[in-house]
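In: 3D, please:
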Amino acid sequence: VQGAMDIHVTMSYRDVYSAKLIGTDPLTDLAVIKINANNLPSVPWGDTSQLHPGQMVLAFGNPYGFRFTITRGIISALNRPNPEADPHKPGEFIQTDAAINPGNSGGALVDSRGQLIGINTFLVSPTGSFSGMGFAIPTEVAQPIVTELIKDGHVRHGMMGVTISDVTPENAKFFNMTKAQGAVVTQVNPDSPGAKAGIKTGDVITAMNGKPVADAGELQMRVGQQQPGTTIQLEISRDGKTS
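Out: This next block holds a predicted model:
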């Protein structure tokens, strides 16, 4: 929708509706548009926390202008990081081998029950076309954004002002961790909320609001879903001691 003068929605029965832009969130590459129509079918939200690799999925879209295309595949992997250089952009993407090509972006990724589990967003390919590696924004990221856009027309993301990376099997021992789980703080921006709270470089954030943190991507996603000014509780391991 970026730069669009007019937005139209074509239904599967070929009716075309003019759409109104409700709001956008460039950080997550999501937008909400609205059409005036009655008795429309809807797709239920799925629970991406219950997904697993190998699960069958269907991808919908208009690749290369071929409308109403459906492709089938499986979930290849979960929690893939964002390939862009902007550290504020959340990851946690669903990777699938369902054919995704230019024109699939914005289309639905659904499970075998027809529940929306992701929104197709990009592919990785040396040729720019399908090579078995498509990616979708999980509903765990999309649903709160959509809800806020419908309510307010814009989204405000929480941030700690720190740079983080994954705890890996290779560096877990260095941080005195028994499991390769959590997010390592690699940089703290001066005067940021994280700095004011006492977070230091080398800290390992292992839980947020009492819920364990699996990796840096999950922490980034969960913090970004908070409203600015919200107080959160972090569990931090520092020098082998947890506080």
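In: Please count neighbours and contacts with C-alpha atoms only from this point.
Out: Noted.
In: Assumed Ala19 was part of a strand.
Out: Yes: according to DSSP: H, G, I helix; E, B strand; the rest coil, Ala19 belongs to a strand.
In: Spatially, which residue comes closest to it, not counting chain neighbours?
Out: Ile35 (4.7 Å; CA to CA, 6 or more residues apart in numbering).
In: And the one you found, how close does it get to Val155?
Out: 21 Å (CA to CA, to the nearest Å).
In: And those two? Which one has more around it.
Out: Higher neighbour count among Ile35 and Val155: Val155, with 21 against 14, using other CA atoms under 10 Å.
In: Show the contacting residues for the residue nearest to Ala19.
Out: 9, 17-20 (CA atoms under 8 Å, 6 or more residues apart in numbering).
In: ok, how many other residues are close to Tyr64?
Out: Tyr64, neighbours per other CA under 10 Å, totals 11.
In: pretty sure it is touching Ser105, no?
Out: No: the criterion here is CA atoms under 8 Å, and Tyr64 misses it with Ser105 at 11.0 Å.
In: Neighbouring strands of the lowest-mean-pLDDT helix or strand in the chain in the sheet, and parallel or not?
Out: Here the helix or strand of the chain ranked lowest by mean pLDDT, DSSP states H and E is strand 241-242, holding a mean of 78. Applying DSSP bridges to the sheet, strand 241-242 is found paired with strand 234-238 (antiparallel).
In: can I get the CA coordinates of the strand it pairs with in PDB?
Out: C-alpha atoms of strand 234-238 as PDB (Å, rounded to 0.1, in the frame of the first residue of the first chain):
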ATOM      1  CA  LEU A 234      13.200  -9.200  33.500                       C
ATOM      2  CA  GLU A 235      15.100 -12.200  34.900                       C
ATOM      3  CA  ILE A 236      18.800 -11.600  34.200                       C
ATOM      4  CA  SER A 237      21.900 -13.900  34.600                       C
ATOM      5  CA  ARG A 238      25.000 -11.900  35.400                       C
END
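In: Show me what that strand is in contact with.
Out: Against strand 234-238 from outside (CA under 8 Å, 6+ apart): 175, 202-210, 242-243.
In: Mind doing that once more with 6 Å?
Out: Identification of contacts with strand 234-238 by CA atoms under 6 Å, 6 or more residues apart in numbering yields 203-208, 242-243.
In: And the helices in this structure?
Out: 139-152, 193-196, 216-224 (DSSP state H).
In: Point out the most buried one among those helices.
Out: helix 216-224 (a mean of 21; mean count of other CA atoms under 10 Å).
In: Who are the packing partners of that helix?
Out: Judged by 3 or more CA pairs under 6 Å, 6 or more residues apart in numbering; DSSP states H and E, the packing partners of helix 216-224 are strand 162-166.
In: pLDDT on the strand it packs on, on average?
Out: What strand 162-166 shows for mean pLDDT is 90.
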